[in-house]
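K.L.:
I would like to see how this sequence folds:
(2 chains, ligands or ions: 3)
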Amino acid sequence: MYSFDYERPSGVNEAVSAIREDDKFLAGGQTLLPTLKLRLAQADKLIDLSGIAELKGISVSESEVSIGAMTRHVDVANSADVKSAIPALAYLASHIGDAQVRNRGTIGGSISNNDPAADYPAALVGLGATVHTNKRSISAEDFFVDLFETALEEDELVTKVTFPVPEKAGYAKFPNPASRFALTGVFVAQTAQGVRVAVTGAGPCVFRQTDMEAALSSNFSADAVSGIKTEASGLSADIHASADYRANLISVMAARAVQAAS
Amino acid sequence: MTTVSMTVNGKQVSAEVAPNTLLVQFIRENLRLTGTHVGCDTSQCGACTVHVDGDSVKSCTMLAVQADGAEVTTIEGLAQNGELHPMQAAFKENHGLQCGFCTPGMIMSAVDLVKRNPNPSEETIRTELEGNICRCTGYHNIVKSVKSASENMGG
Ligand SMILES: Cc1cc2nc3c(=O)[nH]c(=O)nc-3n(C[C@H](O)[C@H](O)[C@H](O)COP(=O)(O)OP(=O)(O)OC[C@H]3O[C@@H](n4cnc5c(N)ncnc54)[C@H](O)[C@@H]3O)c2cc1C
Ligand code: FES
Ligand code: FES
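P.N.:
Numbers count the residues shown, from 1 in each chain, chains lettered A, B, ... in the order given. Ligands and ions are numbered 1, 2, ... in the order given. Presented below is the predicted three-dimensional model:
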């Protein structure tokens, strides 16, 4: 690791005014520290967000689940409120990486990083969530731009994510057997605005599978999606799986997600 | 340089460190507690697992400055008054190790998993230990050790 300075502010304004061009926010460090160690990234200064109390915690109302950016995966997975409002979201968080990663990694860090194989992007897009920053509110679909790219500006900090409570939702992923990242993961939700199907891991960025949304709108059952194919061109191919394999996994995981929906 | 202070295995420690010092480096090099191992240094293997404020974490993926003010427990902190912790004793009893390289991390993860799941099934033990890799045992005796320790720890 190259050397860097370190600061731990106690408020959002302080954090945002401290950041300069080559600085980085540090959340759980489960992505940032490995990339710094491999010298894939470099920072003049790390601004540790862990001292900012207002970024932590979960609140749940009848219609909405709100999760602070610095809330760890383990806290979402174990929250009785999240489990009862959106069980699929707690399930998703409980299947991120391994226990040690879930004890440090945060929702804000995960979505700001926008790894193409991360789990949370599927939940945000699948549920039609809103990302709140120190500057504005961004719909999940506008937030995730491309491979490792989000709508965030350099000095913009994610403060929380709000999820509308769906009628029901389900998530299924085929995990990479080594890292547990999603080789392909599908989040399905029946919401007041209609059915939404979001796919992660299969392409360079999370996307909606609209043919499946249409099919599920008239018949919310696993049979309705298991036969719907996704075009393989444009999907990711690597040593773990070909694009065709991922395209097939979308149908299989979508059917499982519908079956699991509650 | 930055000053960090934390409690490690019940003892208050304080030192001047560069901000890019990893917690595992601090534990091994400053405190000379070399029971915590570095297997991969890329956040995969769990050999470096310690407890920070009661939670298992990979100490190669945390900065020493991030543990400022925390309570840290390493493998050296488990035995009490010369008596092995029940998890350590169970690994010994059930042949839960061969070369022993992964063992400190396995045991730290296992202690945390039994704390969260007092009576874990074999399946729970296997999924909860996903962050710890062993190249020798084939895991079977590790799972047996954890199961046996959980029975002793509960009782
Ligand atoms: C072994 C291993 C397995 C994993 N498996 C999975 C998996 O199965 N599924 C999965 O989804 N993820 C997985 N991850 C990634 C994990 O979920 C990380 O927690 C996550 O990607 C990053 O979150 P973090 O809090 O650690 O962020 P950090 O690593 O601290 O930060 C990541 C990036 O986001 C920026 N950032 C952080 N917080 C904010 C904020 N509030 N506002 C703006 N920018 C911010 C940082 O500057 C940095 O660029 C795995 C990681 C490891 C090491
Ligand atoms: S040395 Fe830390 S996870 Fe392998
Ligand atoms: S006993 Fe050798 S790596 Fe586990």
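K.L.:
rest of the way, CA atoms for contacts and neighbours
P.N.:
Noted.
K.L.:
what kind of secondary structure is B:G96 in?
P.N.:
With DSSP: H, G, I helix; E, B strand; the rest coil as the basis, the three-state label of B:G96 is coil.
K.L.:
neighbours around it, how many?
P.N.:
By other CA atoms under 10 Å in any protein chain shown, 25 other residues sit near B:G96.
K.L.:
ok, it - contacts?
P.N.:
The contact partners of B:G96, taken as CA atoms under 8 Å, 6 or more residues apart in numbering or on different chains, are B:A90, B:T137, B:Y139, B:H140, B:N141, B:I142, B:V143, B:K144, B:S145.
K.L.:
out of those residues, what pair is the most spread apart?
P.N.:
Greatest spatial distance in the contacts of B:G96: B:A90 and B:T137, 14.9 Å, computed using CA to CA.
K.L.:
which of those two has more residues huddled nearby?
P.N.:
Neighbours per residue, other CA under 10 Å: of B:A90 and B:T137, the larger number sits with B:A90, 23 against 14.
K.L.:
I figured that one hits B:M153, correct?
P.N.:
No: the pair B:A90 and B:M153 does not pass the contact test of CA atoms under 8 Å, sitting 10.3 Å apart.
K.L.:
show me what A:K160 is bridged to.
P.N.:
For A:K160, the beta-bridge partners are A:G68, A:H132 (DSSP bridges).
K.L.:
what's the local residue count around the residue of the stretch 101-250 of chain A found nearest ligand 2?
P.N.:
Of the stretch 101-250 of chain A, the residue with the smallest distance to ligand 2, taken as CA to the nearest ligand atom, is A:V101 at 9.8 Å. For A:V101, the neighbour count with other CA under 10 Å is 24.
K.L.:
residues contacting it?
P.N.:
Under the contact definition (CA under 8 Å, 6+ apart), the residues listed for A:V101 are A:Q30, B:V57, B:K58, B:G131.
K.L.:
the last one and A:A255, how far apart?
P.N.:
So that's B:G131. In this structure, B:G131 lies at 28 Å from A:A255, with CA to CA, to the nearest Å as the measure.
K.L.:
I'd like the next helix or strand past the host helix or strand of A:I138.
P.N.:
In this structure, A:I138 sits in strand A:137-139 according to DSSP states H and E. Towards the C-terminus, the helix or strand next in line after strand A:137-139, according to DSSP H and E, is helix A:140-143.
K.L.:
on that earlier part again, could I get the pLDDT score of the residue of the stretch 101-250 of chain A closest to ligand 2?
P.N.:
Reported pLDDT at A:V101 in the predicted model: 98.
K.L.:
where do the strands of chain B begin and end?
P.N.:
For chain B, strands defined by DSSP state E occupy the ranges B:2-8, B:11-17, B:49-52, B:55-58, B:71-73.
K.L.:
TSV for those strands, including mean neighbour count?
P.N.:
Below are these laid out as TSV (neighbours: other CA atoms under 10 Å in any protein chain shown):
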stretch	mean neighbour count
strand B:2-8	18
strand B:11-17	14
strand B:49-52	27
strand B:55-58	27
strand B:71-73	21
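K.L.:
redo the ones you listed as a markdown table? Include mean pLDDT and distance to ligand 2.
P.N.:
Conversion of the strands of chain B to a markdown table gives the following (pLDDT from 0 to 100; distance: least, CA to the nearest ligand atom, whole Å):
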| stretch | mean pLDDT | distance to ligand 2 |
| --- | --- | --- |
| strand B:2-8 | 97 | 18 |
| strand B:11-17 | 97 | 20 |
| strand B:49-52 | 98 | 7 |
| strand B:55-58 | 98 | 5 |
| strand B:71-73 | 98 | 15 |
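K.L.:
domains for chain A, by residue range?
P.N.:
A:1-54, A:56-262 (automatic domain parsing).
K.L.:
how far does the first one sit from the chain's center?
P.N.:
Which is domain A:1-54. The chain centroid and the centroid of domain A:1-54 are separated by 20 Å, computed with CA atoms, centre = their mean, to the nearest Å.
K.L.:
and what of the longest one?
P.N.:
In terms of CA atoms, centre = their mean, the centre of domain A:56-262 is set 5 Å apart from its chain centre.
K.L.:
other SSEs contacting the host helix or strand of A:A255?
P.N.:
Using DSSP H and E, the secondary-structure element containing A:A255 is helix A:243-260. Taking 3 or more CA pairs under 8 Å, 6 or more residues apart in numbering or on different chains; DSSP states H and E as contact, the helices and strands that helix A:243-260 lies on are strand A:168-175, strand A:182-191, helix A:222-226.
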